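My questions are about this predicted structure, shown below with the sequence.
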Amino acid sequence: MSMQDYHAFIASKGIAASSHGFAPQALPERLFTHQRTAVEFALGKGRAALFLDTGLGKSGCEAVFADEARRETNRPALILTPLAVARQMQRECEAFGVEARVIREDADVFPGVNIANYERLGKLDVTRFGAVVLDESSILKSFMGSTKCQLVEAFAQTPYRLAATATPAPNDHMELGTHSEFLGAMGPMEMLCRWFINDTSTASQEWRLKGHAVGDFWSWVSSWARAASLPSDLGGDDAGFILPPLVHQIHKVGVDIMDGAQDGMLFRIPDNSATAIHAEKQRTLVERVACAAEIANADTGYVIVWCERDDESAALTAAIPDAIELHGKLKPQEKEAVLEAFTLGERRVIVAKPKMAGFGLNWQHARTQVFASISHSYERYYQAIRRSWRFGQTEQVTAHIVIAETEHGIWRDIQRKAADHDKMKRAMSEAMRGAQITAHKRAYTRSADVTLPAFLGGIA
């Protein structure tokens, strides 16, 4: 056994994603240092994930990755985006000198970088693409979701794959597993069995990372992913990426708390069930809409008004004269037109639900957000806030939270989840940073030949 064979044997005992990529020749000068590091890593791996927080330039990384992979394979590349983000992605590609087109049908595909909404996937022959990029790849998070399964199956043979999203929910390791599956690194169940334990009294979805496996797990993740909350996490400069303040203003609206009180109770005390929340939203709709509309109408700048229900959306649009409404009954082209109108500054106020417009859009021109309604989903709230509180925002962002007196429980839940998210995110960033540093280390090797003893080298 030679020394080279011995090192190969030791390396084989570790768990790391294989490399299937190439070294790019010349990347655009426009890339920041942290973006260049991320793109070089992704292209070198060939199949990688970039977990860059909102505003760190994921779109630029995606554009360059797709263009470089397209050149390497001499086949078209595809970028899939959420609804209405396609045009924004096209503008990002143009900023990096990448020729790209938004397509809707297979007949629209051209030899360069093609951009389509996820909803158009069924209209495309995916076998013709040499590379695919999933923008806002948290769409993969559902372990058994039909969209995840469709994407994994559709691109299983695609040579180059990139999944890009803000840092996944740190306490949802399954999202890392579904990303790994899409990239062909390891299936989520194998990941759970190797590094996690389900130590609840009954079988459940609650898995925790084994204490002794923490380092090994993040080392494995860093073999196919890069994560960053700030440019310095990837060797860049944080100057210009420190955001202005985010201010929350709570607006409590009074409601009749005696209306709907249960037998024997003086006041109405709603619980956290879906039925109770729905009923409470209905009872407090008029007061909340009036308060939210007053805030939006008093502001002279661009305003995003978030809601949770169709009746709230309609009432808000009627109460805000210059508002444009995004709702589920619109056709895809109509939704795109609504979002473009606000994105380009043609309309001053947009009324939308976070689940429809809370991902991928850059709305730094709006420094005021109004939550006319909130839910228990912290992810929706966080993503909604980050539409305008992100890199490129130069002014203080104010989030007006309108809640009825009976909705304090929902807001407390959001605050608790925010604290948990920040704590877990810091832990994940530290773990990933250490693993990424280790991954970049170069072991010292002697240049002189080494002769192994006979009992190690075997008999000739």
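Looks like it arrived, so ask away.

When you work out contacts or count neighbours from here on, use the C-alpha atoms and nothing else.
OK.

Report the separation between the nearest residue to residue 75 once chain neighbours are set aside and residue 404.
Nearest residue to residue 75, sequence neighbours excluded (CA to CA, 6 or more residues apart in numbering): residue 130, at 5.1 Å. Distance of residue 130 to residue 404, computed by CA to CA, to the nearest Å: 52 Å.

quick one: buried residues of the helix or strand encompassing residue 382?
Element membership of residue 382, judged by DSSP states H and E, is helix 378-385. Within helix 378-385, the residues scored as buried using 16 or more other CA atoms under 10 Å are 378, 379, 380, 381, 383, 384, 385.

out of the residues you listed, who's nearest residue 357?
Closest approach to residue 357 among the buried residues of helix 378-385 (CA to CA): residue 384, at 7.7 Å.

Check what pLDDT that closest one gets.
With respect to pLDDT, residue 384 has a value of 90.

gap between it and residue 49?
If you measure residue 384 against residue 49 using CA to CA, the figure is 23 Å.

tell me the secondary structure for the residue nearest to residue 84 when sequence neighbours are not counted?
Nearest non-adjacent residue to residue 84, counting by CA to CA, 6+ apart: residue 336, 4.7 Å away. Under DSSP: H, G, I helix; E, B strand; the rest coil, residue 336 falls in the helix class.

before we move on, what about residue 37?
Applying three-state DSSP: residue 37 is helix.

Could you point out the helix or strand that follows the helix holding residue 382?
That would be, after helix 378-385 and using DSSP H and E, strand 397-404.

name the helices or strands packed onto that following strand?
strand 246-253, helix 285-298, strand 366-371 (3 or more CA pairs under 8 Å, 6 or more residues apart in numbering; DSSP states H and E).

most packed of these?
strand 366-371 (a mean of 24; mean count of other CA atoms under 10 Å).

Direction included, what does it pair up with?
strand 302-306 (parallel), strand 397-404 (parallel) (DSSP bridges).

Pipe those strands into CSV and attach mean pLDDT per row.
Listed next are those as CSV, based on pLDDT from 0 to 100:
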stretch, mean pLDDT
strand 302-306, 97
strand 397-404, 93
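
taking the ones you listed together, which one is wrapped up most tightly?
strand 302-306 comes out most buried of these by mean count of other CA under 10 Å, with a mean of 25.

list the buried ones in the next helix or strand after that strand?
Counting by DSSP H and E, the next helix or strand C-terminal to strand 302-306 is helix 310-319. Buried positions in helix 310-319, judged by neighbour count with 16+ other CA under 10 Å: 312, 313, 314, 316, 317, 319.

per-residue confidence averaged over helix 310-319?
95.

How about stretch 89-102?
In this model, stretch 89-102 has an average pLDDT of 94.

Please enumerate residues in contact with that stretch?
The contact list for stretch 89-102 (CA atoms under 8 Å, 6 or more residues apart in numbering) reads 28, 30, 59-60, 63-64, 67, 86-87, 110, 112-116.

Alpha carbons of it, as PDB, please.
The C-alpha trace of stretch 89-102 is given here as PDB (Å, rounded to 0.1, in the frame of the first residue of the first chain):
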ATOM      1  CA  MET A  89     -34.200  37.800 -12.000                       C
ATOM      2  CA  GLN A  90     -33.900  38.800 -15.600                       C
ATOM      3  CA  ARG A  91     -32.800  42.300 -14.600                       C
ATOM      4  CA  GLU A  92     -30.300  40.800 -12.100                       C
ATOM      5  CA  CYS A  93     -28.800  38.700 -14.900                       C
ATOM      6  CA  GLU A  94     -28.500  41.700 -17.200                       C
ATOM      7  CA  ALA A  95     -26.700  43.600 -14.400                       C
ATOM      8  CA  PHE A  96     -24.000  40.800 -14.400                       C
ATOM      9  CA  GLY A  97     -23.800  40.700 -18.200                       C
ATOM     10  CA  VAL A  98     -25.700  37.500 -18.500                       C
ATOM     11  CA  GLU A  99     -28.100  37.100 -21.400                       C
ATOM     12  CA  ALA A 100     -31.300  35.700 -20.100                       C
ATOM     13  CA  ARG A 101     -34.900  35.400 -21.200                       C
ATOM     14  CA  VAL A 102     -38.200  34.700 -19.300                       C
END
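
Only the buried residues of it, if you could.
Within stretch 89-102, judged by 16+ other CA under 10 Å, the buried ones are 89, 90, 91, 92, 93, 96, 98, 99, 100, 101, 102.

what does whichever helix or strand residue 177 is part of rub up against?
Following DSSP H and E, one finds residue 177 within helix 173-183. Here helix 173-183 makes contact (CA under 8 Å, 6+ apart) with 47-49, 137-138, 140-143, 148, 151-152, 155-156, 161-163, 168-169, 186-189, 191, 224.

roughly how far is that helix from the heart of the chain?
With CA atoms, centre = their mean, to the nearest Å as the basis, helix 173-183 stands 13 Å off its chain's centre.

just use 757 as the starting number from now, easier for me
In the new count, where the first residue is 757, that last one comes out as helix 929-939.

Beyond it, next helix or strand please.
helix 944-951.

in that next one, what's buried?
Applying 16+ other CA under 10 Å to helix 944-951 flags 944, 947, 948, 951 as buried.

how about those residues in CSV, adding distance to residue 776?
As requested, the buried residues of helix 944-951 are exported to CSV (distance: CA to CA, whole Å):
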residue, distance to residue 776
944, 21
947, 21
948, 25
951, 25
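
how about the residues you listed, which pair is most distant?
Counting by CA to CA, the most remote pair of the buried residues of helix 944-951 is 944 and 951, 10.7 Å apart.

related to what we said a few turns ago, quick one: which of the buried residues of stretch 845-858 is nearest to residue 967?
Looking at the buried residues of stretch 845-858 and their distance to residue 967, the nearest is residue 845, at 40.7 Å (CA to CA).

Skip ahead from the helix or strand where the closest one lies and say which helix or strand is next.
Following DSSP H and E, the helix or strand that holds residue 845 is helix 842-851. Next helix or strand after helix 842-851 toward the C-terminus (DSSP H and E): strand 856-858.

can you list the strands paired with strand 1122-1127 in TSV and add distance to residue 779?
Shown next, in TSV, are the strands paired with strand 1122-1127 (distance: least, CA to CA, whole Å):
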stretch	distance to residue 779
strand 1058-1062	42
strand 1153-1160	40
